[in-house]
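J.: sequence first, predicted model second:
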Amino acid sequence: MGLLDRISTPADLRRLTTAQVEELAAEVRSFLVQAVSQTGGHLGPNLGVVELTIAIHRVFESPRDSFIFDTGHQSYVHKLLTGRQDFAALRRREGLSGYPSRAESEHDIVENSHASTALSWADGIAKANMLKGHRDRHVVAVIGDGALTGGMAWEAINNITASQDQRLVVIVNDNGRSYAPTIGGLAHHLDTLRTTRGYEQFLDWGRRTLRRSGPPGRLAYDALHGLKKGIKDVVAPQGMFEDLGLKYVGPVDGHDGEALDRALSRAKAFGGPVLVHVITEKGRGYSPAEQDVADRFHAVGVIHPETGLPVAPSRFGWTKVFADEIVKIGEERTDVVAITAAMLAPVGLAPFAARFPERTFDVGIAEQHAATSAAGMAFAGLHPVVALYATFLNRAFDQVLMDIALHRAGVTFVLDRAGITGDDGASHNGMWDMALMRIVPGLRLAAPRDEPTMRRALREAVAVDDAPTVVRYPKGPLGPELPALETVGGVDVLTRSQGSAGARVLVVGVGAMAATAVEVGSLLADGGIDVEVVSPTWVVPTPGGLVDLCADRDLVVTIEDGIVAGGVGALLAETAARAGHRAPVRQFGIPAVFLDHASRDQVVEASGLRPADVAAAVLADSALPSSDEADRTARL
Ligand SMILES: Cc1ncc(C[n+]2csc(CCOP(=O)(O)OP(=O)(O)O)c2C)c(N)n1
Ligand SMILES: CC(=O)[C@@H](O)[C@H](O)COP(=O)(O)O
Ligand SMILES: [Mg+2]
């Protein structure tokens, strides 16, 4: 029985010796590699915070003290130390979430996996602690160097430092990377600090030698320590934080348990807002991760633990098509530039960056800045392509609305991971983009259904220079091509079936849900329905040709991989009604709820979006002619 088996609560950690802490860290690392290689997950980030998380739980007392993990992808060790050691179903339905989860533990607070929010959470909790008289409670926020490039983090620091008596400890987990090495002036500053460890070591030396050499030595140490600001600025130029009113402790070796205990104890004793700068290594202790140049195994699928090689084939077919087509576009259009928010490779811009380094911009985890900076680029004659995960566009809505659309700027957003992603939990599903973007005046949104329509949509989007355009597609493998029988009013007709039941139904498949729509059409035809299945690539604004196709129907069915509330189906219903069409529009999509982590297929099923479920609902719809409903359903 190892030490990890004997840790059921954080209190068990406080009884460990230094040697036992090191032994525990080794056990935790081995557990992470074995467990996460079976399930997939954020292996690299968690290997980097083993000693840090142990130290935080040794020095502070959760849940009395509040622990916040920014983005939350690095909270596996925290889970292991707080009574959750069954990782067999990590990120799977009914299994542990890959992020903090209040339902799992009283030690978990922030479930949101959108980066750069931790310090704002911490500021709010610390203010509440003060007002409620809980002055002895600490708030500890762990934020990565990548998340620290997000604007919210600096809004929070500005507020945190407004009062000097909040017991708030900001721990910067500085591994020098988001996925790739972190960009920007702040990263450079952290680099400077990171490479001038001298101050802490100098202080330790002073403590160890001078203070032990009698009164003269103590005098010398006190004099030196009294000059600390001056010394610090010489050996560790961290004035930026202290000039902001944030006491700076560090840089500290994030894999040295004793140094961490000392630094965190100093921070705890300080009694005001303090920043502890911890230097860690992403992927530490697992050579396939340490040698992974791209992103140190930031997020892996199922891998062979011995080699780190993926078991499953490449998972991102849609991304590959974008990666290929944007390079072709870049060769034809020198005004086209690419912007990423610290996710160059995951969104598929690495080939573009290799081919056009001077036309590729990584802004850090700063989607709002990405959007408005793109507005500036468009104003000055470029056509920016901003590549994000769909869910992360949420936080840049105002910038899209008021900096891009209001100025009719030709900016193209390419949204990967649109729709249900599943195993990354509620905040990672790309389910809000269509409902949000459809209310932006002038904006045009495309949801391609396959490779040819995606390549065409990308080219059509970058050809628009007087309005924002969006091209969105899902995570995962790319399905087979869905060729059109013909195109009517700009809308591709995929299948037609003559029915016998006298009911006429139009089925609209939005984006990747076109494949589902074709299967629904076939099931409805089996039920004797006269059905036409169509797939418009451009869905915002509603194409006129699609509204015309609603004429003379008993029922229109829309199926989309986005929230139904205010989605594309709702937009079609409103537009068709205004055009005088009477057919009801039944909208199938994602309910406006937060979806628990599960596989994509499980979430599709739970949302009633499997073809059989949609078809059954349609056949039972009262809008269809009442004749032999039971007969129709029975034929399914
Ligand atoms: C708003 C937002 N944009 C992008 C992401 C995707 N993302 C997840 S983790 C990560 C890198 C975080 O880097 P850092 O904060 O340094 O943490 P580390 O992984 O290095 O521990 C990114 C960009 C996100 N979660 N939230
Ligand atoms: C935490 C985060 O936002 C990303 O790391 C995300 O988990 C990766 O998701 P993909 O696997 O879809 O790239
Ligand atoms: Mg980092």
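T.: Arrived safely, thanks for sending. Ligands and ions are numbered 1, 2, ... in the order given.
J.: residue contacts, the residue lying closest to residue 513 once chain neighbours are set aside?
T.: Among residues not flanking residue 513 along the chain, residue 559 sits closest, at 4.5 Å (C-beta to C-beta, 6 or more residues apart in numbering). Any C-beta I mention is one placed from the backbone N, CA and C, and that applies to glycine too. When contacts are counted by C-beta atoms under 8 Å, 6 or more residues apart in numbering, residue 559 touches 507-510, 513, 516-517, 520, 569, 588-589, 609, 614.
J.: can you give me the helices for the stretch 1-150 of the chain?
T.: Secondary structure of the stretch 1-150 of the chain by DSSP state H, counting those that start in this stretch: the helices cover 18-39, 43-47, 50-59, 76-81, 118-131.
J.: how about the stretch 151-300 of the chain?
T.: Taking DSSP H, counting those that start in this stretch as the test, the helices found in the stretch 151-300 of the chain are 151-160, 184-194, 198-209, 214-226, 228-235, 239-243, 257-270, 287-290.
J.: ok so, going back, can you pick out the ones from the contacts of residue 559 that are in strands?
T.: 507-509, 588-589 (DSSP state E).
J.: flag every residue of the stretch 101-250 of the chain that's near ligand 3.
T.: Proximity of the stretch 101-250 of the chain to ligand 3, by C-beta under 5 Å from the ion, involves residues 144-146, 175, 177.
J.: change it to 8 Å
T.: Within the stretch 101-250 of the chain, the positions near ligand 3 by C-beta under 8 Å from the ion are 144-147, 173-178, 182.
J.: just those residues now: which is nearest residue 479?
T.: The nearest member of those to residue 479, counting by C-beta to C-beta, is residue 178 at 30.7 Å.
J.: now that closest one. Nearest residue, chain neighbours left out?
T.: Closest to residue 178 by C-beta to C-beta, 6+ apart is residue 146, at 3.1 Å.
J.: what number of residues lie near residue 531?
T.: Neighbour count of residue 531, defined by other C-beta atoms under 10 Å: 28.
J.: hang on, it packs against residue 509?
T.: No - between residue 531 and residue 509 no contact is recorded; they are 12.0 Å apart, counting by C-beta atoms under 8 Å.
J.: roughly how far apart are the closest residue to residue 28 other than its chain neighbours and residue 265?
T.: Counting by C-beta to C-beta, 6+ apart, residue 50 is the residue found nearest to residue 28 once chain neighbours are left out, at 5.0 Å. For residue 50, the distance to residue 265 equals 19 Å [C-beta to C-beta, to the nearest Å].
J.: who has more neighbours out of the two?
T.: Higher neighbour count among residue 50 and residue 265: residue 50, with 27 against 14, using other C-beta under 10 Å.
J.: and the pLDDT for the more buried one?
T.: Listed pLDDT for residue 50 reads 98.
J.: got a list of what it touches?
T.: Listed by C-beta under 8 Å, 6+ apart, the contact set of residue 50 reads 25, 28-29, 32, 77, 255, 284-285.
J.: also residue 246?
T.: Residues in contact with residue 246, defined by C-beta under 8 Å, 6+ apart, are 157, 160-161, 170, 273-275.
J.: run the last query once more with 7 Å
T.: 157, 161, 273-275 (C-beta atoms under 7 Å, 6 or more residues apart in numbering).
J.: make a markdown table from these and add pLDDT to it.
T.: Converted to a markdown table, those look like this (pLDDT from 0 to 100):
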| residue | pLDDT |
| --- | --- |
| 157 | 97 |
| 161 | 95 |
| 273 | 96 |
| 274 | 97 |
| 275 | 97 |
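J.: how about the residues of the chain by ligand 3?
T.: 45, 48, 144-147, 173-178, 182, 282.
J.: 6 Å instead, please
T.: Contact residues (C-beta under 6 Å from the ion) of the chain with ligand 3: 144-146, 175, 177-178.
J.: narrow those to those in strands?
T.: Residues of the residues of the chain next to ligand 3 located in strands (DSSP E): residue 144.
J.: buried residues, the one helix or strand residue 605 maps to. List them.
T.: Using DSSP states H and E, residue 605 sits within helix 600-606. In terms of neighbour count (16 or more other C-beta atoms under 10 Å), helix 600-606 has its buried residues at 600, 602-604, 606.
J.: which of those residues sits closest to ligand 2?
T.: Taking C-beta to the nearest ligand atom as the measure, ligand 2 lies nearest residue 600 of those, at 10.7 Å.
J.: if I look at the closest one, how far off is residue 25?
T.: Between residue 600 and residue 25 the computed distance is 35 Å (C-beta to C-beta).
J.: now residue 543
T.: Distance from residue 543 to residue 25, counting by C-beta to C-beta: 58 Å.
J.: tell me which of the two has more neighbours.
T.: residue 25 (23 against 18).
J.: spatially nearest residue to the more buried one, not counting backbone neighbours?
T.: In this structure, residue 25 finds its nearest non-sequential neighbour in residue 50, 4.9 Å apart by C-beta to C-beta, 6+ apart.
J.: residue 470 in helix, strand or coil?
T.: strand (DSSP: H, G, I helix; E, B strand; the rest coil).
J.: residues from the stretch 51-200 of the chain in reach of ligand 2?
T.: 71, 73, 113 (C-beta under 6 Å from any ligand atom).
J.: ligand 1 contacts on this protein?
T.: Applying C-beta under 6 Å from any ligand atom, we find that the chain lies next to ligand 1 at 45, 71, 73-74, 113-115, 144-147, 173, 175, 177-179, 282, 298, 341-343, 365, 367, 392.
J.: now for the chain: which strand has the highest residue count?
T.: Max-length strand for the chain by DSSP E is strand 555-563.
J.: return the set of buried residues in that strand.
T.: So, applying 16+ other C-beta under 10 Å, buried residues of strand 555-563: 555-563.
J.: repeat that for stretch 313-325.
T.: Residues 316-319, 321-323, 325 are the ones in stretch 313-325 that count as buried (16+ other C-beta under 10 Å).
J.: just those residues: which are in helices?
T.: Those of the buried residues of stretch 313-325 mapping onto helices are 317-319, 321-323, 325, per DSSP state H.
J.: closest to residue 8 among those residues?
T.: Closest approach to residue 8 among these (C-beta to C-beta): residue 319, at 41.4 Å.
J.: helix or strand with the lowest mean pLDDT in this protein?
T.: Ranked by mean pLDDT, DSSP states H and E, the weakest helix or strand in the chain is helix 228-235, scoring a mean of 50.
J.: residue 356: how many residues sit nearby?
T.: With other C-beta under 10 Å as criterion, residue 356 counts 18.
J.: pLDDT wise, what is it at?
T.: We note a pLDDT of 98 for residue 356 in this prediction.
J.: equivalent analysis for the one 5 residues further on, please.
T.: The model reports residue 361 with a pLDDT of 98.
J.: and if you look at the one 4 residues further on?
T.: As predicted, residue 365 sits at a pLDDT of 98.
J.: host element of it?
T.: Under the assignment given by DSSP H and E, residue 365 is not contained in any helix or strand.
J.: if I look at it, how far off is ligand 2?
T.: Distance of residue 365 to ligand 2, computed by C-beta to the nearest ligand atom, to the nearest Å: 9 Å.
J.: dump the residue contacts of that residue.
T.: Taking C-beta under 7 Å, 6+ apart, we find residue 365 in contact with 115-116, 146-147, 149-150, 178, 341-342.
J.: repeat that for residue 267.
T.: When contacts are counted by C-beta under 7 Å, 6+ apart, residue 267 touches 169, 249, 274, 276.
J.: residue 174 versus the residue in the stretch 351-500 of the chain that ligand 1 sits nearest to, what's the distance?
T.: Using C-beta to the nearest ligand atom, the closest approach of the stretch 351-500 of the chain to ligand 1 is made by residue 392 at 4.2 Å. As judged by C-beta to C-beta, residue 392 and residue 174 stand 22 Å apart.
J.: same deal with residue 577?
T.: When distance is defined by C-beta to C-beta, residue 577 is 55 Å away from residue 174.
J.: pick the most deeply packed of the helices of the stretch 1-150 of the chain.
T.: helix 43-47 (a mean of 29; mean count of other C-beta atoms under 10 Å).
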